[in-house]
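Engineer: coordinates only, no sequence provided:
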């Protein structure tokens, strides 16, 4: 019985050590990162499918910090696309969510969030990532549909289909 317990403990210990050692090392120049979860709502409802980017106040950070919200409006932020977490510091939050509108044989793109959130110069949303687990919640106000591209005919948008010869 003691032999089985020692074997089980050894397997668990080796598995834990493997997973601890299997975490990808950070790229050269990236400071330590800390977990960051953001929740976005619009009119009190979770905002699904929004793209979120954190723009660092520290302009020497040459990495991307982004992700997309889930159906519950949550996003776990990643650094450089694959490292779970964000370096400590202050960031502007940029949120975009777009859709295409079609009416009367014309198509254009609309923003489904107020355009002030789509630009770091105008976004009022900020986070301060601390050396701990970070959780933030933001309410983006009224649902909107703001045209952000000129209307095109469907033919202009999709182009002429290739003809079989």
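Structural biologist: Noted; the coordinates are in hand. Computed from a predicted model, the values in this text were never measured in an experiment.
Engineer: use CA for all of it now, contacts and neighbours both
Structural biologist: Fine.
Engineer: for beta bridges, what are the partners of the one residue sitting closest to the centre of the chain?
Structural biologist: Centroid-nearest residue in the chain: residue 67, 1.7 Å away (criterion: C-alpha atoms, centre = their mean). Partner residues in beta bridges with residue 67, using DSSP bridges, are residue 52.
Engineer: what's the answer for residue 101, then?
Structural biologist: With DSSP bridges applied, residue 101 shows beta-bridge pairing to residue 108.
Engineer: would you mind measuring from it to residue 41?
Structural biologist: According to C-alpha to C-alpha, to the nearest Å, residue 101 stands 22 Å off from residue 41.
Engineer: please identify which of these two sits among more neighbours.
Structural biologist: Neighbour tally, residue 101 and residue 41, criterion other C-alpha atoms under 10 Å: the higher count belongs to residue 41, 19 against 13.
Engineer: I'd guessed the more buried one sits against residue 138; true?
Structural biologist: Yes. Because the distance of 6.4 Å satisfies C-alpha atoms under 8 Å, residue 41 is recorded as touching residue 138.
Engineer: who touches both of these two?
Structural biologist: For the pair residue 41 and residue 138, no residue contacts each of them under the criterion C-alpha atoms under 8 Å, 6 or more residues apart in numbering.
Engineer: returning to that earlier point: how about the contacts made by the residue nearest to the centre of the chain?
Structural biologist: In this structure, residue 67 makes contact with 51, 52, 53, 75, 76, 77, 78, 81, judged by C-alpha under 8 Å, 6+ apart.
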